[in-house]
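[1] no FASTA, just this:
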């Protein structure tokens, strides 16, 4: 089974394949359906790449970590009993892989500048979203359903940071409708998060 290279600039899927649950995709992957693997990687590669980037990695290291994370998923697919928790699993694995790369890079530096140390301390001291919160957030986004799920992913989780025009084109919507839809989707997401807290 081939492991596609995660691409931070890949287009969002707008076809019916996005309706298949992660649990069902994992089941199909175990049965040897290679297209299910492509759909799963396509669905989560932007999340994995953005988690790696937000862990303080350079873009090339983030791509490497994303590939390692999907390779870990491929190797661990039989032990993942609950496919609905896949997002949290991927976030955790990606965070650990990124931490290892950061530690290795830190050891390779001959002498860290005080500026570099401050940056590392900011990342480690909670300058970013807590990973547990991030996992809960991504799980809630997954439960939003279309079109909110795709819109939130495109606006906030896509490492390309596309414009409203690009998002509208990819989702097949009018540019003027993106803002109001975003407001409604964020309100739904806020209510869902309040219910889980």
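    Received it, and whenever you're ready, just let me know what you need. Note that the structure is predicted; figures quoted are calculated from it, not measured. Numbers count the residues shown, from 1 in each chain.

[2] which SSE is immediately downstream of the host helix or strand of residue 38?
    Under DSSP states H and E, the secondary-structure element containing residue 38 is helix 34-54. For helix 34-54, the succeeding helix or strand toward the C-terminus, using DSSP H and E, is helix 59-76.

[3] give the buried residues for that next one.
    61-70, 72-73 (16 or more other CB atoms under 10 Å). For the C-beta atoms, the positions are set from N, CA and C on the backbone; glycine is no exception.

[4] who does it touch, helix- and strand-wise?
    Packing partners of helix 59-76 (3 or more CB pairs under 8 Å, 6 or more residues apart in numbering; DSSP states H and E): helix 34-54, helix 86-108.

[5] coming back round to it: dump the buried residues of helix 59-76 to CSV, plus pLDDT and distance to residue 193.
    Formatted as CSV, those follow (pLDDT from 0 to 100; distance: CB to CB, whole Å):
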residue, pLDDT, distance to residue 193
61, 89, 31
62, 89, 26
63, 89, 30
64, 91, 32
65, 91, 27
66, 91, 26
67, 91, 31
68, 91, 30
69, 91, 25
70, 91, 27
72, 90, 28
73, 90, 26
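
[6] those residues: which two are farthest apart?
    61 and 73 (18.7 Å; CB to CB).

[7] how about the residue nearest to the spatial centre of the chain, what does it touch?
    Most central in the chain under CA atoms, centre = their mean is residue 47, positioned 1.1 Å from the mean C-alpha point. For residue 47, the contact set (CB atoms under 8 Å, 6 or more residues apart in numbering) comprises 87, 90-91, 138, 153, 157.

[8] same question, residue 136
    Applying CB under 8 Å, 6+ apart, the residues near residue 136 are 193, 196.

[9] return the helix or strand in the chain with minimum mean pLDDT.
    helix 114-124 (a mean of 40; mean pLDDT, DSSP states H and E).

[10] distance-wise, check the residue nearest to residue 55 when sequence neighbours are not counted relative to residue 191.
    Residue nearest to residue 55 in three dimensions, not counting chain neighbours: residue 98, with 3.5 Å by CB to CB, 6 or more residues apart in numbering. Distance, residue 98 to residue 191, using CB to CB, to the nearest Å: 31 Å.

[11] between these two, which is the more surrounded one?
    residue 98 (25 against 10; other CB atoms under 10 Å).

[12] pLDDT score for the more buried one?
    The per-residue pLDDT reported for residue 98 equals 90.

[13] over to residue 42?
    So, for residue 42, pLDDT stands at 91.

[14] now it: how far from residue 70?
    For residue 42 relative to residue 70 (CB to CB), the value is 11 Å.

[15] okay, now stretch 50-65: how far is its last residue from its first?
    11 Å (CA to CA, to the nearest Å).
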